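Enquirer: build me a model from this:
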Amino acid sequence: MVMPRKFKPGDWVKVKGKFTAPKMQVIQYVPKKDWLFGMVNTDRYLECVWYKNGERKLKVYHQNKLIRVVETGGLFQTFIPSSKLSIT
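Expert: Alright, predicted model coming up:
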C-alpha cells in the first residue's frame with residue numbers, strides 16, 4: 001500500500017500530543033524495513049534534526065506521529081523586540 005508523503009525536506013514538525021516536544025526540521029525520508037511484512041518502505045519514515053543544549057540530535061519518526069509547525073525561524077531562538085520606539 002502506497003502512502004502519500006505528508007512532509008518535505010525543510011518542513012518544521014513536532015511529535016503529536018507531546019507539549020514539550022522540540023521543534024524539529026525534516027531532513028529527508030529514509031528507507032525502513034517493515035517488521036511485519038519485511039518490505040522496505042521509503043514513503044513513511046522521516047529523519048528529523050533538532051538541537052538540545054548546543055548538541056545536534058537526529059531521530060527517525062513515522063510521518064503519522066508528526067504534525068506540521070506553523071511558525072518557522074530556524075533552530076536557534078532570536079530576540080525580537082516587542083515594541084518600536086516612536087518619536088512624536
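
Enquirer: alpha carbons only for contacts and neighbour counts from here, please
Expert: Noted.

Enquirer: what is the mean pLDDT for stretch 63-81?
Expert: Across stretch 63-81, the average pLDDT comes to 69.

Enquirer: tell me which stretches of this structure form strands.
Expert: 12-15, 24-33, 40-52, 55-62, 66-68 (DSSP state E).

Enquirer: any chance of those in JSON lines, plus distance to residue 3 and mean neighbour count?
Expert: Formatted as JSON lines, the strands of the chain follow (distance: least, CA to CA, whole Å; neighbours: other CA atoms under 10 Å):
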{"stretch": "strand 12-15", "distance to residue 3": "19", "mean neighbour count": "22"}
{"stretch": "strand 24-33", "distance to residue 3": "12", "mean neighbour count": "19"}
{"stretch": "strand 40-52", "distance to residue 3": "6", "mean neighbour count": "18"}
{"stretch": "strand 55-62", "distance to residue 3": "11", "mean neighbour count": "12"}
{"stretch": "strand 66-68", "distance to residue 3": "15", "mean neighbour count": "16"}
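
Enquirer: between these, which one is nearest to residue 5?
Expert: strand 40-52 (5.8 Å; CA to CA).

Enquirer: hang on, the earlier thing: residue 4 is nearest to which of the strands of the chain?
Expert: strand 40-52 (6.9 Å).

Enquirer: name the helices or strands packed onto that closest one?
Expert: strand 24-33, strand 55-62 (3 or more CA pairs under 8 Å, 6 or more residues apart in numbering; DSSP states H and E).

Enquirer: distance to residue 6 added to those, as JSON lines?
Expert: Listed next are these as JSON lines, based on distance: least, CA to CA, whole Å:
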{"stretch": "strand 24-33", "distance to residue 6": "10"}
{"stretch": "strand 55-62", "distance to residue 6": "10"}
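
Enquirer: among the ones you listed, which is nearest residue 70?
Expert: The nearest among the helices and strands packed on strand 40-52, by CA to CA, is strand 24-33 at 11.9 Å.

Enquirer: name every strand pairing with that closest one and say which way it goes.
Expert: strand 12-15 (antiparallel), strand 40-52 (antiparallel) (DSSP bridges).
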